[in-house]
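Asker: Test case, fold it:
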Amino acid sequence: MSTPTADQPVIAEDLILLDADLGETKAQVIERLAGVLASAGRATDTDALRDAALAREAQSATGLPGGIAIPHCRSEAVTSASLGFARLNPKVDFGAPDGPADLVFLIAAPTGAGSAHMKLLSSLARALVKPEFVASLRNASSASEIVTLVDGVINPATKPAVAAPVAAAPVSTAKHSTPDTSAEASSAPKHIVAVTACPTGIAHTYMAADSLVAAGERAGVTVHVETQGSSGSTPLDPAIIAGAEAVIFATDVGVKGRERFAGKPVISSGVKRAINEPDVMVTEALRAALNPDAARVGGTAVAAESNDSAGELGWGTRIRQILLTGVSYMIPFVAAGGLLIALGFLLGGYEISGVAEDIVVNNSITSLPDGGITAYLGAVLFQIGALSFSFLVPALAGYISYAIADRPGLAPGFTAGAVAVLVGAGFIGGLVGGLIAGFVALWISKWKIPTVLRGLMPVVIIPLFATLIVGAIMFLLLGKPLAAITSGLTDWLNGLSGSSVIILGIILGLMMCFDLGGPVNKAAYAFATAGLSVTDTASLRIMAAVMAAGMVPPLAMALASTVRSRLFTEAERENGKAAWFLGAAFISEGAIPFAAADPFRVIPSMMAGGAVTGAMIMAFNVTLSAPHGGIFVFFAIGNILWFIVSLAVGTIVSAFLVVSAKQFVKSKNSPTEAELDPALVTV
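Answerer: The predicted model follows:
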């Protein structure tokens, strides 16, 4: 066995087997190649290397279309990043969709392989999606020729003549479908973004990236890919993400920084599908970009900045981003809990709120309370909803702290929120407590402690001391003052009447329609849901104003694109059909496709209608006890006739204004006659 050296090349002639029979199964092939690497001094233990490669194989097969297999692993047994290569005869099945493989690379990396070695190995993986490179491997007549070919792609700067072009077609077209050339694809957004990642981050990550880029070129759309692999990752420019209207997640592991893509239509799959079916995935992404009902990335894109870029932001912007992270994670608790409470009221009446806990604890389906099955089910629904709703402030504080200090901030943040509830500080206490918890946890994370204790920092030391500090601050210093502020705000809202309450409705309506699900919209929604209480009439009126105003934009665009369809593109008319339902269900984002294409004429029109609706809701004393659901929670709406009238008037106002603006106000975003349906264009 030879002795490994620091400057060993990744591949050498003694690591290559040509036209060899290495067995009938992939396990036998991997074992033989592991033995070759061990004999060459690249690994200390054949069995350990084999077992590591087979363990990776168990996660997902490494066979690729075109007769290729790339078993790979990291192992402490590997002494130097290396490539073992075999051209098999006969072929062996590695799980590829189109049959067995005759070209096999065993990619072996040390456990602590540096980024330079990882880049070399990923360069080989990317070359394997290029058909000319694969053909050269099959036609090579000697081991030295294989070394030259591989060295040419992993060290292109030193051997430019051998390097393959950067953008080439995928290895096989057996699983690739022809890109969609229909109207929906041709009117697709200018670019889409993608993230690729596999468990080891050596091979599939980069092959999937190149396959998607090439598929995008064939479909006439630019694909920007962020590879989250072992050779490092350069995050996509936030401006590129913001401009993309669809995202592809081709990953076998979690997406780092997923919140950066919040709100984008998303196509998700394992990493191998992006290698096997890149054209299909690109086409699906193009379709999703035009479909308002498509699945979207959850959360908010507020924690996306790197530490460096975050340092360039003003404190006002950073605090706003942090607060919105908390709000976005809070909303699911509010929506689920509020709707269940409303259903409880539907079955058990409003009086169920005072007896639900007693009914649930002391009764069962076989021992019903007074009122029978409807009262019991109403109590159960109300109690489940109330428990979910009780997480509102702790979740808000917990995820505000998480946005500052990551996972170590969760425990102190949730605790701060729970303390805020206990002392009566409510929503405001959750905001303040979450900020304190996050910054305390971040401060503790920077303590200089012995190396032996570093592993305890995120799970013991930071949560323990941060929770202790923020709890003491909330109980001893801030609890009562924040509770007094919360009580004063509640009393002020309850005391509003006449023109004051109408002005509040106008402000809330403008906020709900300003950015259609963005920070301003969420701020208004959080304000309404945080104070929602069936015993507080003012909070019910605020909730009604917020939801009704939020329903206006999609309904208005649906109406406008129906009555004056010739002013809208075919894609917008299709979006308009879906917007009827989205608006009715209180999904303001249904108007985003229209606002994104023509913001200066659409958004002001939506804000005007939202302000009218908010003012009318307040003026006619409409109430709402459910935080979500739109017209489908009609049973939770008080004075429902005026709710419908207010919503209709605001929708008509917005639709009239947007039609007038498109008709009489010229804009560079106006659709051309070629973009409109020729049958609807008048001369």
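Asker: What ranges does the stretch 551-683 of the chain have for its helices?
Answerer: For the stretch 551-683 of the chain, helices defined by DSSP state H, counting those that start in this stretch occupy the ranges 570-584, 592-597, 599-619, 640-664.
Asker: for Ser268, what are its contacts?
Answerer: With contacts taken as C-beta atoms under 8 Å, 6 or more residues apart in numbering, Ser268 has the following neighbours: Ile248, Phe249, Ala250, Thr251, Ala295. From N, CA and C alone the C-beta is placed, and that goes for glycine too.
Asker: what's the span of stretch 402-420, first residue to last?
Answerer: End-to-end distance for stretch 402-420, by C-alpha to C-alpha, to the nearest Å: 17 Å.
Asker: May I see the buried residues of that stretch?
Answerer: For stretch 402-420, a neighbour-count test (16 or more other C-beta atoms under 10 Å) marks 402-406, 408-420 as buried.
Asker: Next: stretch 16-23.
Answerer: Residues Ile16, Leu17, Ala20, Leu22 are the ones in stretch 16-23 that count as buried (16+ other C-beta under 10 Å).
Asker: Let's see which of those residues end up in strands.
Answerer: Members of those lying in strands (criterion: DSSP state E): Ile16, Leu17, Ala20.
Asker: about what we covered before: possible to save the buried residues of stretch 16-23 as JSON lines with distance to Ser487?
Answerer: Output for the buried residues of stretch 16-23, formatted as JSON lines (distance: C-beta to C-beta, whole Å):
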{"residue": "Ile16", "distance to Ser487": "78"}
{"residue": "Leu17", "distance to Ser487": "79"}
{"residue": "Ala20", "distance to Ser487": "81"}
{"residue": "Leu22", "distance to Ser487": "77"}
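Asker: can you pull out the strands in the chain?
Answerer: In the chain, the segments counted as strands under DSSP E are 16-20, 63-64, 68-69, 72-75, 82-92, 101-110, 191-197, 222-227, 247-251, 266-269, 623-624, 637-638.
Asker: These: which one's closest to Gly433?
Answerer: Smallest distance to Gly433 across these (C-beta to C-beta): 28.1 Å, for strand 623-624.
Asker: List the pairing partners of the closest one within its sheet, with orientation.
Answerer: strand 637-638 (antiparallel) (DSSP bridges).
Asker: what about the strand it pairs with, average pLDDT?
Answerer: What strand 637-638 shows for mean pLDDT is 88.
Asker: Show residues contacting that strand.
Answerer: Applying C-beta under 8 Å, 6+ apart, the external contacts of strand 637-638 come out as Leu540, Ala544, Asn621, Val622, Thr623, Leu624, Ser625, Phe643.
Asker: Give me the number of neighbouring residues for the closest residue to the third one other than its chain neighbours.
Answerer: Counting by C-beta to C-beta, 6 or more residues apart in numbering, Asn621 lies nearest to Asn639, which is 6.1 Å off, once chain neighbours are set aside. Residues within reach of Asn639, counting by other C-beta atoms under 10 Å, total 17.
Asker: Nearest to Ala526 among the ones in strands among the buried residues of stretch 16-23?
Answerer: Nearest to Ala526 among these is Ile16, at 62.2 Å by C-beta to C-beta.
Asker: Pairing partners for that closest one in the sheet, please.
Answerer: Residues in a beta bridge with Ile16, per DSSP bridges, are Phe85.
Asker: Run through the residues that contact it.
Answerer: Applying C-beta under 8 Å, 6+ apart, we find Ile16 in contact with Gly84, Phe85, Ala86, Ala143, Ile146, Val147.
Asker: how far away is it from Ser142?
Answerer: Ile16 is 9 Å from Ser142, where distance means C-beta to C-beta, to the nearest Å.
Asker: got it, and Ile154?
Answerer: As defined by C-beta to C-beta, Ile154 lies at a distance of 19 Å from Ser142.
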